[in-house]
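A.B. asks: Following is a predicted model, sequence given first.
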There are 2 protein chains.
Amino acid sequence: MTWLAVPQDSPYGIQTLPYGVFTAADQPGRRRVGVRIGDAVLDAGAAARAVGSAAVLLEAGSLNPLMAAGRSLWREVRAALTEWLTDEAHRPAVEPCLLPLAEVELHLPFEVADYVDFYASEHHATNLGRIFRPGSEPLTPNWKHLPIGYHGRAGTVVVSGTPVVRPHGQRKAPTEPLPSFGPTRRLDIEAEVGFVVGTPSALGTAVPLADFREHVFGVCLLNDWSARDIQAWEYVPLGPFLGKSFATSVSPWVVPLDALEHARVAPPARDVEPLGYLDDRGGEPWGLDLAMEVALNGHRISRPPFATMYWTGAQQLAHLTANGASLRTGDLFASGTVSGPEPETRGALIELTWNGEHPIKLADGTARTFLEDGDEVVITATAPGPDGTRIGFGEVTGRIVP
Amino acid sequence: MTWLAVPQDSPYGIQTLPYGVFTAADQPGRRRVGVRIGDAVLDAGAAARAVGSAAVLLEAGSLNPLMAAGRSLWREVRAALTEWLTDEAHRPAVEPCLLPLAEVELHLPFEVADYVDFYASEHHATNLGRIFRPGSEPLTPNWKHLPIGYHGRAGTVVVSGTPVVRPHGQRKAPTEPLPSFGPTRRLDIEAEVGFVVGTPSALGTAVPLADFREHVFGVCLLNDWSARDIQAWEYVPLGPFLGKSFATSVSPWVVPLDALEHARVAPPARDVEPLGYLDDRGGEPWGLDLAMEVALNGHRISRPPFATMYWTGAQQLAHLTANGASLRTGDLFASGTVSGPEPETRGALIELTWNGEHPIKLADGTARTFLEDGDEVVITATAPGPDGTRIGFGEVTGRIVP
C-alpha cells in the first residue's frame, strides 16, 4: 500500500505505475520521466536522486534509455519505485518529488523508431471484408495463417491531446468517374492497443514467441485515425498510405508489461493450426483482458474487448521478426482495430455505422456517420490487476480541426 | 578544376562532391563526414578546421546536422568545398585531410527517419500487374492519378556492402494447399533511386511541388531486396511487409541535388491529367537522367533508365505530404523499381525472367531465375554533369548469405 492518499479503487494505485514524460512550470522546457500514482506524477529522476539511488536511466527526456536497458533493469526500477512509494521511511525524500497531474504537461513518452500496425481482430477484419469486398469471402486466404500488418509513419505518431487536422487527399467514390482532391469526408477512428519495444534485436535474427517479454517494455493505447475515402482509393495494391499517415495518437502513459500479469488470458481458439513460429499452444498465453471504451464528445459509443483478438502481441512480434528484421528501442507495433463480436463493441465508425449507412445516435441527440470538425474522441482502458485492483491505461484523445 | 590529380572523365570530379560517412585507421571508431573526390575521401570537418572555417555541421557522425541546416547552408558548404579543392592557396591546408578511398570504411550516411517506397515506373507496374494479375488490366485504376507508395522499415536500411541474409517466411505457391515456413525461394532485387530529406516540414502542412529542392538534400542508389514468394502470400490487403522488411541497401554516397542540375529532363508525357497538387506542367521539371546499371556476379544484367519514370521525386514528395504528414530530417523515399520499356532495361529479376519462366544467362555460362546464396548484386549509376562531365553515384552492393 502506498503512503499516498490514493483511493483503493483507483486504477492508478501502486499496482500500475505507468511511465510517461512531462514538463512542469518549476522547470519549463525540461522533459522529465514521470510515473503516475493516483492523481499525481512522480518526478522519477528527482526521486532517485532524493533517495540516493542511481538515476541515470530516469534522467532523460524520453523513456528510451530505460526502455533500452532491458528487462532485468525494468524490474529493478519498478521494484525501486514501488519501494519509494510504499516505504514510509522514503516518504520525506520522495514526497517533494510529486506533482499534481493537473499541473504537468504530458509529451510523447518515447521516440518512435518504426511503427507497424497489425490487423489482428477477426471481427474487425471480417466486417471490413464484408464492407469493402461484398460478395467475396470476408477474410483473405492468408488471414488465419499470419498476422497481417504493414508499416505506418513513425514521424506522425503524436501524443494524446494533439489536435488532428482533417487531412486532404484524393477521394473517389465508386459512383464518381474521376478522383477529386479535398478534405476527407470519411474521417474515422481505430481503437487499438500499442506494444512498445525496449530491447533491440540483431539483424538476421528472429525473436521467438517465448522472448516476447524480454523485448516488449510496455503497452499504450492508440488511435489510428483513418481517412476511409482516401484509403479506399489508394490502397490497392500496396496498402494504406496517406489514408493513415497524417496522424496516429498514443496515450501518454506506457504501462509496463510486468503490471499486466493478472490481465493475461488465453487467446480465442484458432480454427487454423498455426505454423511453428506462431504456435502459442503450450506456451505462455499473451491474450490480454483490456476493457476498452470509446467516447465521442463525451458519449460512449463502443466497448471493444481486447481479449477477443485472434493474434496476440507475442505472435505479432514473432511474425514481425521472422524474416530477420531487427528491432530497435522505440519500435511501436499496434494491434489493429479492436472489435468484438457484438455491434456495440466495434472499434471503428466504419463498422459501427456499417460504412456510413446506419448513423449512430449520440446521447446528446446528434447523429454521426464519420467524424465532424470539432468532434473529440477519447479512448480509455483498464485491465485486471492483483487483489481485485484495476490497471489504468490513461486515455488517448484527439479533437478534429478543419 | 581541382588541384587533385583526378582524371578528366572521372564521375567523381569537382562537379559531383557526394557526401558520406567514414571511419579510418587514424581515428578508429570515430565516424566522420567525408566528401568523395576522385579516388580520395576528404575529411570534411578536418578540412574546415584546417582552413579556419566553421566546421560544426561537418563534425557529426552522420549527415543529419548538415541535412537539417537547410538549402542555403547546403549551397554554402558545397561552395566552400569546391573552393578548398580548387584554390591552390588552400592546398597546403586541405591536402593532408584527404584519405585514399581504399583505406576508409563507409557507413550508413544518415540516420533514416521514415522510409517510403514508391512504385513510379509505368513499365515496372505494368509488368508486375501482368505477372500477378493476369487477365485483368495491368495498372490499377488509381495508378495514373497518384504515385502509389507505402511505408517500409527504416530500421533495416543498411549501407552498401552489408551481407543480406536470405529471409525466412511463409511461402505458398498457388498450387500448394497450405503455406510453409522456410527460406525464400524467390529472392529478388529492385534497382531504385532514393531521395533523402533534409529540411523538415510541419505537421498539417503540405509541401508543394515547387518546394522540392528546399526539402530534398540529395539522391542515393537503393536496392529494395524482395522475397517474392513471401510478398505474394502476405500482401493482400495491406501491402508488402515481411517480403521487403528484412533489408534495404543504400549507396554510401549521397549526391547533392545541386549536382544534378544538368541531369534534369522533362518527365514522360502523361496520358491522364494530374490533379493540381501533382501537376508539374509549366513548373520546373524533375525528371532525372540517371543511367543505371545492374550487375550480378560481375555480369551486367540490366540498364534501367531513370528518365523514363512516370512520377518524379517532386511529385512523390508533394503526394507524401498532401495529407499534412510532416517530414523529418533523414526521411528517405525511393522511386520504386526502375524499369524501362525494353526487356534489358528492367530493374528486377521477376521482370527480367518473367516470374522465373525465362532464366537469364550470365556471361559466365550460369543461369538465374532468382538470387542464389553467394550471389552479389551491384547497382551503379551516372548522370550528366556540366561541360560534358558525368556525375557518379557510387554503387550499392550486397551479397546473399544463407
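C.D. replies: Looks like it came in fine. Here the structure is a predicted model, which means the values were calculated and not measured.

A.B. asks: Count residues in the vicinity of the residue in chain A positioned nearest to chain B, would you?
C.D. replies: Closest contact between chain A and chain B, by CB to the nearest CB, is at residue A:239 (2.2 Å). C-beta: built from backbone N, CA, C; applies to glycine. The tally of other residues near residue A:239 (other CB atoms under 10 Å in any protein chain shown) stands at 27.

A.B. asks: again, but for residue A:102
C.D. replies: Residues within reach of residue A:102, counting by other CB under 10 Å, total 8.

A.B. asks: And the one 10 residues further on, by the same measure?
C.D. replies: The burial metric for residue A:112, expressed as a neighbour count using other CB under 10 Å, is 25.

A.B. asks: Can you tell me the SS state at it?
C.D. replies: With DSSP: H, G, I helix; E, B strand; the rest coil as the basis, residue A:112 sits in coil.

A.B. asks: how about residue A:49, what does it touch?
C.D. replies: Counting by CB atoms under 8 Å, 6 or more residues apart in numbering or on different chains, residue A:49 touches residue A:55.

A.B. asks: Return the backbone torsion pair for it.
C.D. replies: Dihedral angles of residue A:49 (phi, psi; degrees, to the nearest 10) stand at phi -60, psi -40.

A.B. asks: looking at this, residue A:46 is in a helix?
C.D. replies: Yes: checked against three-state DSSP, residue A:46 lies within a helix.

A.B. asks: dump the residue contacts of it.
C.D. replies: Neighbours of residue A:46 in contact, by CB under 8 Å, 6+ apart: A:32, A:97.

A.B. asks: per-residue confidence for the residue of chain A closest to chain B?
C.D. replies: For residue A:239, the pLDDT comes out at 97.

A.B. asks: does the strand ranked longest in chain A come close to chain B?
C.D. replies: The strand that spans the most residues within chain A, counting by DSSP state E, is strand A:390-401. No: with CB under 8 Å from any CB of the partner chain as the criterion, chain B is not reached by strand A:390-401; the gap is at least 8.5 Å.

A.B. asks: what is the rounded mean pLDDT of that strand?
C.D. replies: The average pLDDT within strand A:390-401 is 98.

A.B. asks: Determine the set of other helices and strands touching it.
C.D. replies: strand A:164-165, strand A:216-223, strand A:248-250, strand A:376-384 (3 or more CB pairs under 8 Å, 6 or more residues apart in numbering or on different chains; DSSP states H and E).

A.B. asks: and the angle from the second one to strand A:376-384?
C.D. replies: Put simply, strand A:216-223 runs at 140 degrees to strand A:376-384, going by axes from the mean of the first three to the mean of the last three CA atoms, to 10 degrees.

A.B. asks: how about strand A:216-223, does it get close to chain B?
C.D. replies: No: applying CB under 8 Å from any CB, one finds strand A:216-223 out of contact with chain B, separated by at least 15.4 Å.

A.B. asks: list the buried ones in that strand?
C.D. replies: A:216, A:217, A:218, A:219, A:220, A:221, A:222, A:223 (16 or more other CB atoms under 10 Å in any protein chain shown).

A.B. asks: so how far is residue B:387 from the second one?
C.D. replies: Distance check for residue A:217 against residue B:387: by CB to CB, to the nearest Å, it reads 56 Å.

A.B. asks: same question, residue A:30
C.D. replies: Applying CB to CB, the value for residue A:30 to residue B:387 is 54 Å.

A.B. asks: quick revisit: OK, contacts around the residue of chain A closest to chain B?
C.D. replies: Each residue near residue A:239 by CB under 8 Å, 6+ apart is listed here: A:150, B:150, B:235, B:237, B:238, B:239, B:240.
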